[in-house]
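In: Quick one, fold the following:
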Amino acid sequence: MTRKKVKLAYIYNDSARRATYKKRKKGLMKKVSELSTLCGVDACAIVYSPYDSQPQVWPSPPGVQRVLDRFRSVPQMEQVKRMVNQDGFLRQRITKTCDQLKRQRKDNREKEVTQAMFQCLGGGVSLGNLLMMDLNDLGWMVDHSVRDVNKMAETLNDGSGSGASHASQLEAVLAATTGAGPSSAPEPSEMLADNFEVNADDMQRQQWFMEMMTPQEHMGFGGDDMVLPPGDNNQNGPWSNSFFP
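Out: This next block holds a predicted model:
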C-alpha cells in the first residue's frame, strides 16, 4: 500500500501534535545517528520543545559540546559557507527553477523560429503577416543558418583531406547499399561537385530569404496565417527578442 503523503501544516489538535512530535523527534535522532555511523562524520542534534523542561540532545551533552567547540573553532567565513536556512534554500530553488524555465523557453522559441523559417522557404507562411519581433528572430536564425552553410562549404572546399575522406565514405556507403563494386559508384570528384551545387543552391535560397526579410509597409496580421508567439519584450539589443543574442 502506498504511504499517504503528509500534509505539511501546523497540527492544531494538541494530543495529535504531541504524538507527532515524539515520533518525529525519535526519527530525527535515529537519522543523525545513522549519518554519524555510516558516513563517519561528527554530528549532533539539539531539540527544544514546550513538552520537555530540558532540551533533547544526541549523542550526549559532552558529545554535543565537543562538536560545537569544533564548529566554533572554524573561521567565520567557513562556518557560513555552506550554511542555509529555509528562506535561503527556497530562494536558491526558485532561482534555479527560473533559470531552467528561461533556457527551456529559449529552446522552444528557437525550434519555433526554425520551423517558421522552413515554412517561409516553402511558401507556407507570409512574411508580411509577422510581427517585427518575429522577423528579427527569423533574421537571426537565417544569419545563423547561413554561417553553418558557409562552414560546411569551407570544410568541403578545404582540399583533398576532409573532402576526399568524405567522398570515400559516401562511395563506400553507396557501394554497400546498391551491392555494386567500386567501379559502379560515382567518382569522388563528381560527388564533391554535387555537394557544392547543393550548398550553392542552399546559399542562393538563404540569400533570397534575406532579401524577403526587408521590412514591408504592411506588417499587420491577416487571415489564418501563422503568427509566432511573442517572446520577451526587450528592445535594447540589435534583435528585439532577448531569447537570441
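In: Which positions in the top helix by length along the chain come out as buried?
Out: In the chain, with assignment by DSSP state H, the single longest helix is helix 86-121. Neighbour-count burial for helix 86-121, with 16 or more other Cβ atoms under 10 Å as criterion, is recorded at 106, 109-110, 112-113, 116-117, 120-121. Every C-beta, even on glycine, is put in place using the N, C-alpha and C of the backbone.
In: Then stretch 22-34?
Out: 25, 29, 32.
In: Mind picking the one among those residues that's closest to residue 8?
Out: For the buried residues of stretch 22-34, the closest approach to residue 8 (Cβ to Cβ) belongs to residue 25, at 16.8 Å.
In: After the helix or strand harbouring that closest one, which helix or strand is next?
Out: Secondary-structure assignment from DSSP states H and E places residue 25 in helix 14-39. Remark: after helix 14-39, the chain's next helix or strand is strand 45-47, criterion DSSP H and E.
In: Mind listing what's buried along that next one?
Out: residue 45.
In: quick one: average confidence on the helix or strand just after that strand?
Out: Remark: after strand 45-47, the chain's next helix or strand is strand 56-58, criterion DSSP H and E. Mean pLDDT, strand 56-58: 93.
In: which residues are contacting the helix or strand that strand 56-58 is followed by?
Out: Scanning forward in sequence from strand 56-58 by DSSP H and E, the next helix or strand is helix 61-72. With contacts defined as Cβ atoms under 8 Å, 6 or more residues apart in numbering, helix 61-72 is touched by 42-46, 57-58, 79.
In: Of these, keep whichever come out buried.
Out: Counted by 16+ other Cβ under 10 Å, these give 43-45, 57-58 as buried.
In: Relative to residue 81, how far out is residue 94?
Out: 21 Å (Cβ to Cβ, to the nearest Å).
In: How about residue 32?
Out: Counting by Cβ to Cβ, the gap from residue 32 to residue 81 is 21 Å.
In: And residue 115, by the same measure?
Out: As judged by Cβ to Cβ, residue 115 and residue 81 stand 46 Å apart.
In: Over to residue 54?
Out: Per Cβ to Cβ, residue 54 is found 32 Å from residue 81.
In: Export the buried residues of helix 86-121 as CSV, with columns for distance to residue 143.
Out: Output for the buried residues of helix 86-121, formatted as CSV (distance: Cβ to Cβ, whole Å):
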residue, distance to residue 143
106, 17
109, 16
110, 13
112, 17
113, 12
116, 15
117, 11
120, 15
121, 15
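In: Using CSV, lay out the residues you listed together with distance to residue 129 and pLDDT.
Out: Converted to CSV, those look like this (distance: Cβ to Cβ, whole Å; pLDDT from 0 to 100):
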residue, distance to residue 129, pLDDT
106, 24, 92
109, 19, 90
110, 21, 90
112, 15, 89
113, 15, 88
116, 11, 85
117, 15, 86
120, 11, 83
121, 16, 83
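In: from the residues you listed, which single one is nearest residue 147?
Out: For these, the nearest to residue 147 is residue 117 (14.0 Å; Cβ to Cβ).
In: give me the number of residues near the residue nearest to the closest one when sequence neighbours are not counted?
Out: Nearest-residue entry for residue 117: residue 141, 5.3 Å, with adjacent residues in sequence omitted and distances by Cβ to Cβ, 6 or more residues apart in numbering. Residue 141 has 18 neighbours, counted by other Cβ atoms under 10 Å.
In: Would you map out the domains in the chain?
Out: With domains defined by automatic domain parsing, the chain comprises 14-82, 88-212.
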